[in-house]
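Asks: fold the following for me, if possible:
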Amino acid sequence: MRIIRAAAALITCLFLLGIGTPVTSTTAQQKSDAFVPPTALELAIEPMAPIGDSVWVAKIGEGLWVFTATGAISSGAVFPANGMLLETKTGSVVVDPGWTAAQSKALMRWARETLHRPVAKAVVTHSHSDRMGGIEPLAEAGIPVLALGRTRELAQKAGHTILPIAVAELETKPYRDPDGFELYFPGAGHTPDNIVVNFPAHFLVFGGCLVKSVTSADLGNLADAVMTEYPGSIERVMRAYPKRRIVVPGHGSIAGDPLAHTLKLLRDLGAATPPARER
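Replies: Okay, here's the model as predicted:
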């Protein structure tokens, strides 16, 4: 029995390093009741491995990981949200570090102890709790959390005391970070402040909540949406990254063309496209 347990632990470690046979969420659930994957909810891809409090990870490219973290929404239902982690020479960059401080801490611990690339920088793609909920441990550790200036303003108005750092001029032009990613504000849509993150070496765009998965039947939470600008913002992302191969939506599985699907949902709803504003 000890030999079997040791072998299982070794396989899990190898998967988290991107080597060998992946461990499925089912296997993880059998090993620990603390790791219960969503059953009626979507992970970003299958399989994913648990790393802590309601957080699952999977390698999606060389030095690039997607994670899914679950949180409770206003109805009380548990809902998954996707984020990204990029390994760099100077550490790791986390995009949208979970709903809670515990999830953010799990990501920080995993990056430090498993990847040996401690989190050195983070990004939040808008001011909602599924994006900003986990920034407190990062700020306490002195890790800069980047965002659109409008995100900082909206978070402050909502009563947040820990705020991200506003990236200068991001509202008017893309910000290209020396660690190998790009932030782009295409205009309002899901919220007035939603940005996307491009990983050019991987031909991958993280769309955040601006972009709906192809399995989404509707546009989800539109409480803060700017519907008159939403279609144009999606079209600008499509034009900005014509070489994209993968688009990761803010929620749900990675498949197909989420940008085209989001645009279709908008058009089906009758959202108008305003005059084009170039990148």
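
Asks: just the strands in the stretch 151-279 of the chain please.
Replies: Here the stretch 151-279 of the chain has its strands, by DSSP state E, counting those that start in this stretch, at 165-166, 175-177, 181-184, 196-199, 204-208, 246-249.

Asks: let's test this: mean pLDDT of the second one, rounded?
Replies: Averaged across strand 175-177, pLDDT comes to 98.

Asks: tell me which other helices or strands it touches.
Replies: The contact analysis (3 or more CB pairs under 8 Å, 6 or more residues apart in numbering; DSSP states H and E) places strand 175-177 against strand 181-184. From N, CA and C alone the C-beta is placed, and that goes for glycine too.

Asks: name the helices or strands packed onto the strand it packs on?
Replies: When contacts are defined as 3+ CB pairs under 8 Å, 6+ apart, strand 181-184 packs onto strand 175-177, strand 196-199.

Asks: the shortest one pairs with which strands?
Replies: Partner strands and pairing direction for strand 175-177 (DSSP bridges) are strand 181-184 (antiparallel).

Asks: as PDB, could you dump the C-alpha coordinates of the partner strand?
Replies: Provided in PDB are the C-alpha atoms of strand 181-184 (Å, rounded to 0.1, in the frame of the first residue of the first chain):
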ATOM      1  CA  PHE A 181       2.700  39.500 -22.300                       C
ATOM      2  CA  GLU A 182       0.600  42.300 -23.600                       C
ATOM      3  CA  LEU A 183      -2.400  44.100 -22.000                       C
ATOM      4  CA  TYR A 184      -5.000  45.600 -24.300                       C
END
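
Asks: just give me how far it sits from the chain centre.
Replies: Mean-position distance between strand 181-184 and its chain equals 13 Å (CA atoms, centre = their mean, to the nearest Å).

Asks: average pLDDT across that strand?
Replies: In this model, strand 181-184 has a mean pLDDT of 98.

Asks: before we move on, what about stretch 193-204?
Replies: Stretch 193-204 shows a mean pLDDT of 98.

Asks: begin at 17, not 1, for the rest of this chat.
Replies: New numbering, starting at 17: the last item is stretch 209-220.

Asks: pull out the buried positions in it.
Replies: Asp209, Asn210, Ile211, Val212, Val213, Asn214, Phe215, His218, Leu220 (16 or more other CB atoms under 10 Å).

Asks: identify the residues contacting Tyr200.
Replies: By CB atoms under 8 Å, 6 or more residues apart in numbering, the contact list for Tyr200 reads Pro190, Tyr191, Ile211, Val212, Val213, Asn214, Val253, Ala256, Arg295.

Asks: Ala157: which of those residues is nearest?
Replies: Of all the contacts of Tyr200, Val213 has the smallest distance to Ala157: 21.0 Å, by CB to CB.

Asks: out of the contacts of Tyr200, the closest to Ile262 would be?
Replies: The closest of the contacts of Tyr200 to Ile262 turns out to be Asn214 (CB to CB; 11.0 Å).

Asks: that closest one contacts Val253, correct?
Replies: No - using CB atoms under 8 Å, Asn214 makes no contact with Val253, being 9.2 Å away.

Asks: need the max-distance pair from the buried residues of stretch 209-220.
Replies: Maximum pairwise distance among the buried residues of stretch 209-220 (CB to CB): 24.7 Å, between Asp209 and His218.

Asks: picking that back up, mutual contacts of Asn214 and Val253, please.
Replies: Common contacts of Asn214 and Val253, defined by CB under 8 Å, 6+ apart, comprise Tyr200, Val221.

Asks: give me the element Arg128 is part of.
Replies: helix 117-129 (DSSP states H and E).

Asks: quick one: distance of that helix to the chain centre.
Replies: 15 Å.

Asks: what does it rub up against?
Replies: Contacts with helix 117-129, where a contact means CB under 8 Å, 6+ apart, come from 32, 67-71, 73, 83, 85, 87, 101, 107-108, 110, 113-114, 133-135, 149-154, 157.

Asks: try 6 Å
Replies: For helix 117-129, contacts defined as CB atoms under 6 Å, 6 or more residues apart in numbering pick out 67-69, 71, 85, 108, 110, 113-114, 133-135, 150, 152-153.

Asks: for Gly92, find the nearest of the helices and strands packed on strand 197-200.
Replies: Here strand 212-215 is closest among these (CB to CB), at 29.6 Å.

Asks: if we can go back for a sec, CA-only coordinates of the helix holding Arg128 in CSV, if you can.
Replies: Taking Å, rounded to 0.1, in the frame of the first residue of the first chain, the C-alpha atoms of helix 117-129 are listed here in CSV:
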residue,chain,number,x,y,z
ALA,A,117,-7.3,35.0,-0.7
ALA,A,118,-7.0,31.3,-0.1
GLN,A,119,-7.0,30.6,-3.8
SER,A,120,-4.4,33.2,-4.5
LYS,A,121,-2.2,31.8,-1.7
ALA,A,122,-2.6,28.3,-3.3
LEU,A,123,-1.4,29.7,-6.6
MET,A,124,1.5,31.5,-4.9
ARG,A,125,2.6,28.4,-3.0
TRP,A,126,2.4,26.2,-6.1
ALA,A,127,4.4,28.6,-8.2
ARG,A,128,7.0,28.8,-5.5
GLU,A,129,7.2,25.2,-4.4
